[in-house]
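Participant: Predicted coordinates and the sequence they were generated for:
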Amino acid sequence: MSERVRPSKDKYYLNIALAVAKRGTCKRRNYGAIIIVNDEIISTGYSGAPRGKPNCLVLKDCPRIIQNIPSGERYDLCISVHAEQNAIISAARRDMIGGTMYIAGFEMETGLVVDSNPCYLCTRFIMQAGIEVVKFTKSHEIKNFGILELKG
C-alpha cells in the first residue's frame with residue numbers, strides 16, 4: 001500500500017477555490033475565490049451575473065465572445081461580477097483584515113486550469129478589503145501557483 005500524501009494548505013485551498021469556480025456562469029472562463037483568515041474560510045465567491053439577473057449560460061450568449069474580444073480585455077462588456085469581488089462583498093472588512101485570498105479558474109471549453117492572477121481592478125478591491133496575500137493558479141496546474149504580497 002502506498003503512503004498517502006496530504007496536499008499542502010495552499011493546494012488544499014486552491015482546490016476549494018476551483019470547486020467554487022464550478023458554480024460560475026461564464027461561457028469562457030470561470031473563477032472561484034476564497035478568503036482565509038487564521039486557517040478559516042471567511043467567504044467565497046465565483047464569477048457570475050449579479051443576483052437575480054440573467055447570466056450568459058441562461059442567455060446562451062456572451063457579448064465578449066460574439067465580438068471576439070481577447071481574454072483580459074474589455075471587461076466593460078462582461079455582465080459578470082468577478083469572483084474576487086463576490087467574495088469581498090460577502091464578508092465584513094473587519095473579518096478579512098490580514099487574510100489571504102486564493103483564486104483558481106478553468107477554461108469552459110477545455111476544462112484546463114488557467115492563470116488566475118487578479119485583474120488590476122480586483123487587486124485594488126483586495127487591497128481595500130485589508131487582504132494581505134493572494135495565491136492563485138498558474139501555468140495550468142495547481143502545483144504551480146503565484147503569490148502577490150500586498151501588505152505595507
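Facilitator: Arrived safely, thanks for sending.

Participant: contacts and neighbour counts: CA atoms only from here.
Facilitator: Fine.

Participant: Nearest residue to Leu112 in space, please, no chain neighbours.
Facilitator: Phe106 (5.3 Å; CA to CA, 6 or more residues apart in numbering).

Participant: Near the one you found, how many other residues are there?
Facilitator: Using other CA atoms under 10 Å, Phe106 is surrounded by 22 other residues.

Participant: where exactly do the strands run in this protein?
Facilitator: Counting by DSSP state E, the chain has strands at residues 29-37, 40-46, 100-107, 113-114, 133-138, 141-149.

Participant: Comparing those strands, which comes out most buried?
Facilitator: Across the strands of the chain, averaging neighbours per residue (mean count of other CA atoms under 10 Å) puts strand 100-107 on top, at a mean of 28.

Participant: and Lys22, what does it touch?
Facilitator: Going by CA atoms under 8 Å, 6 or more residues apart in numbering, Lys22 touches 30-32.

Participant: Can you lay out those as JSON lines showing pLDDT and distance to Gln85?
Facilitator: Conversion of the contacts of Lys22 to JSON lines gives the following (pLDDT from 0 to 100; distance: CA to CA, whole Å):
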{"residue": "Asn30", "pLDDT": "92", "distance to Gln85": "14"}
{"residue": "Tyr31", "pLDDT": "95", "distance to Gln85": "11"}
{"residue": "Gly32", "pLDDT": "97", "distance to Gln85": "10"}
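
Participant: of these, closest to Glu3?
Facilitator: Nearest to Glu3 out of these is Gly32 (CA to CA; 30.5 Å).

Participant: Name the nearest residue to that closest one, ignoring sequence neighbours.
Facilitator: Spatial nearest neighbour of Gly32, chain neighbours left out: Ala21 (3.8 Å); criterion: CA to CA, 6+ apart.
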